[in-house]
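Undergrad: Fold the following and give me the result.
(chains A and B)
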Amino acid sequence: MPPFSSRPHLQVRVIRDDVLCAPRPLHYNRRMADTVITRFAPSPTGALHVGGARTALFNWAYARRHGGKFFLRIEDTDRARSTEAAEEGILRDLDWLGIDWDNQGKEPRQSQRLDLYNAAIEKLRAAGLTTTEENGAVRFTMPNRDITFEDKVRDEVTFPAGQIEDFIIQKAPDREGKQYPTYHLAVVVDDAEMGVTHVLRGQEHLNNTPKHIALQEALGLPRPTYAHFGLIFNPDGSKMSKRDKAKAARAAALEHTTTCDQQQWFDALIQFQKQATSLYPDLPTGTQLTYDNLESFCNKQNDDLSIAKSIALNLKIELPEIDVKDFTLSGYLSTALCNYLALLGWNPGNDVEKFDNNFLAQNFSFDRCNKGDSRFDRDKLASFNADAIKAMNSNTLYQMIWNQPYNHNFFLHKDPNKTFGSADDPKFTTFCETYRERSKTLCDPLTQGAFFFVGYDEIQIDDKARKKVMDKNEGEGWKALEALKPVLEQLPEDGFGAAAHEKIKALAERMGVGMGKLAQPLRVAISGNTVTPPIDATLDILGKDKTLARIQQTLDEKPTC
RNA sequence: GUCCCCAUCGUCUAGCCAGGUCCAGGACAUCACCCUUUCAAGGUGAAGACACGGGUUCAAAUCCCGUUGGGGAUACCA
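TA: Okay, here's the model as predicted:
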């Protein structure tokens, strides 16, 4: 299965102000007596964040659990920050997560239903519940009484009278004279119009609820059932935000500049971006690197993401994953991400931890939700992911490894077909099965096993490993390699790995040494490093010809003295 | 500042609502040992928490009050 499906509804859509939908009738209260209707209402101002993903997941699960409907709605009343790219990305990410919505292709877009909001505002105005600001913005007058509501995860919540101030429900006219509602008004009108019965959202909205309730009452709209979940934070308790990426890149940059000249490095970075751009179509080209913007980035004067990414690429560090897309590119399975995310705030009890969305959809309930905030632990996610990879059937695993999109990896622009004819090549099967046991992410097989895919001259040779394994003890590694070469040469190509394993074992015995004395020099010769999968599998994947060629090429580099 | 919310191992949590079966269970991480040609994986085990102080009760992680700590809101952002 390809990582992203190409369903027709995910085609690019254009957000256009000039084609406002035909006015819809104001028919609130459409809800059926006992049909659960939930919704996820992202604002397309950025990528889908893991917090948003969890909210979507819970809303989806609750609707599915009760045989109801789950709708998507686009909250694009912030015209300056909403983009079609962001909207498209959010839909694609939800799709990737396995969350389907029941109004696909017909998602309401708030910017196109101004008539609905205007009608509501008129009603409030007629009731004398609004004041108009000098600039034309409209403010709603809060009633002067306590507002109490039942929250499904934290019981009864009361806001004392006078505590919530009057608030703006319609923004001042923009340049074209158009007036957009604020979130509060739009959310209340839309939820009613869509028949939403249950509103599940993050705790950051708890304080908004009295505003929404006051509006509902003033408009004569039904009050949905509310449930507020704790928030998700970084392991250190800070807020999970896109800025974390800039922070991480900055920290790495600052550390790096303690070991080198900053000006020189900046220069190298600028050059690097130019080269990298031609190498990687996906590379951020948004910001052209300059001394100035690099300096201001390092001085915390900007958090430019493409600068951060360029630095990360150059320094070969990983930026923290924040958005769903980040996790996709880092090689996480949607099933593992959903499972882990669901566990942040909900759990089925009985020490059950591993489950899929289907299970969630059958078991999700408010009485097993937690009230507290939680911290996002990448180690645990990685562990879930590793387990999910181990549990995959072979076919799916091959496909996933083969089709995994990458954030950045130098070797990826090499051709894996140099090594494997195709995904059907038995070598590829051995490769996948070998890395299944040792991969935390879908990127691991191709990054850790990069040496399989490149020519000898492109192998990253670890000098330390070479010194330790080859040169030490008067070059015993070189001697071992020389002894190994003729033995391997005699072996058949068919079953090369297993046969080689036998021979190496026998040879080690004859020489009176441990197997490592032979296997390690061999590893270093063929991979440049001391770490590879088991030697038999490694040799099988690489094949006899390449193995022997690499041994010879390595021997050619033997120091003469 | 004001208001709202929250509080069990480092982290996610079970247990709490219907007090005794909890000197608190699981998972991730950590450490040790086993396995082992490297790295993993796997196996076994160890260490590790009821924030604090008052009540109520024969009995409190569980109920009540307070303190402290953390988070959220206080936008013509959602």
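
Undergrad: what's around the closest residue in space to A:W402 that isn't next to it in sequence, how many residues?
TA: Leaving out its chain neighbours, the residue that sits closest to A:W402 by C-beta to C-beta, 6 or more residues apart in numbering is A:A423, at 5.1 Å. To be clear about C-beta, it is placed using only N, CA and C from the backbone, and glycine gets the same treatment. Neighbours of A:A423 under the rule other C-beta atoms under 10 Å: 15.

Undergrad: which secondary structure elements does the helix or strand harbouring A:L269 contact?
TA: Assigned by DSSP states H and E, A:L269 falls within helix A:262-279. For helix A:262-279, the elements it packs on are helix A:291-298, helix A:305-315, judged by 3 or more C-beta pairs under 8 Å, 6 or more residues apart in numbering; DSSP states H and E.

Undergrad: Sort out which residues of the shortest one are buried, please.
TA: Neighbour counts over helix A:291-298 (16 or more other C-beta atoms under 10 Å) mark A:293-294, A:297-298 as buried.

Undergrad: I'd assumed A:Y398 was in contact with the residue nearest to A:W402.
TA: Yes: with the criterion set as C-beta atoms under 8 Å, A:A423 and A:Y398 qualify as a contacting pair; they are 5.1 Å apart.

Undergrad: From A:L542, how far off is the residue nearest to A:W402?
TA: In this structure, A:A423 lies at 18 Å from A:L542, with C-beta to C-beta, to the nearest Å as the measure.

Undergrad: Whichever strand or helix holds A:E502 packs against which elements?
TA: A:E502 is part of helix A:496-511, with elements assigned from DSSP H and E. On a contact count with 3+ C-beta pairs under 8 Å, 6+ apart, helix A:496-511 meets helix A:472-489, helix A:516-527, helix A:535-542, helix A:544-556.

Undergrad: Could you save those as TSV and add columns showing mean neighbour count?
TA: Formatted as TSV, the helices and strands packed on helix A:496-511 follow (neighbours: other C-beta atoms under 10 Å):
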stretch	mean neighbour count
helix A:472-489	16
helix A:516-527	23
helix A:535-542	23
helix A:544-556	17
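
Undergrad: Out of those, which gets nearest to A:P348?
TA: The stretch from the helices and strands packed on helix A:496-511 with the least distance to A:P348 (C-beta to C-beta) is helix A:535-542; that distance is 38.1 Å.

Undergrad: now check that closest one, is it near RNA strand B?
TA: Yes: contact of helix A:535-542 with RNA strand B (C-beta under 7 Å from any atom of the strand) involves A:535-536.

Undergrad: Could you give the separation of that helix from the chain centroid?
TA: Once both centres are worked out by C-alpha atoms, centre = their mean, to the nearest Å, helix A:535-542 turns out to sit 33 Å from its chain's centre.

Undergrad: Quick one: residues in contact with it.
TA: Judged by C-beta atoms under 8 Å, 6 or more residues apart in numbering, the contacts made with helix A:535-542 from elsewhere in the structure are A:419, A:427, A:430-431, A:434, A:449, A:452, A:496-498, A:500-501, A:504, A:519, A:522-523, A:526-527, A:532-533, A:547, A:550.

Undergrad: burial measure for the residue of the stretch 1-150 of chain A found nearest RNA strand B, as a count.
TA: Of all residues in the stretch 1-150 of chain A, A:E75 sits closest to RNA strand B, with a separation of 2.9 Å (C-beta to the nearest atom of the strand). For A:E75, the count of nearby residues is 19 (other C-beta under 10 Å).

Undergrad: can you check A:N395 too?
TA: A:N395 has 11 neighbours, counted by other C-beta under 10 Å.

Undergrad: now A:K468
TA: As a burial measure, the neighbour count of A:K468 was computed by other C-beta under 10 Å and equals 14.

Undergrad: still on that earlier bit, need the contact list for the residue of the stretch 1-150 of chain A closest to RNA strand B.
TA: The contact partners of A:E75, taken as C-beta under 8 Å, 6+ apart, are A:41-44, A:110, A:183, A:186-187.

Undergrad: and if you look at A:L219?
TA: Under the criterion of C-beta under 8 Å, 6+ apart, the contact partners of A:L219 comprise A:28, A:120, A:123-124, A:188-189, A:192.

Undergrad: and the closest residue in space to A:R243 that isn't next to it in sequence, what does it touch?
TA: Distance criterion C-beta to C-beta, 6+ apart; nearest residue to A:R243, sequence neighbours excluded, is A:D303 at 5.2 Å. Counting by C-beta under 8 Å, 6+ apart, A:D303 makes contact with A:242-243, A:246-247, A:297.
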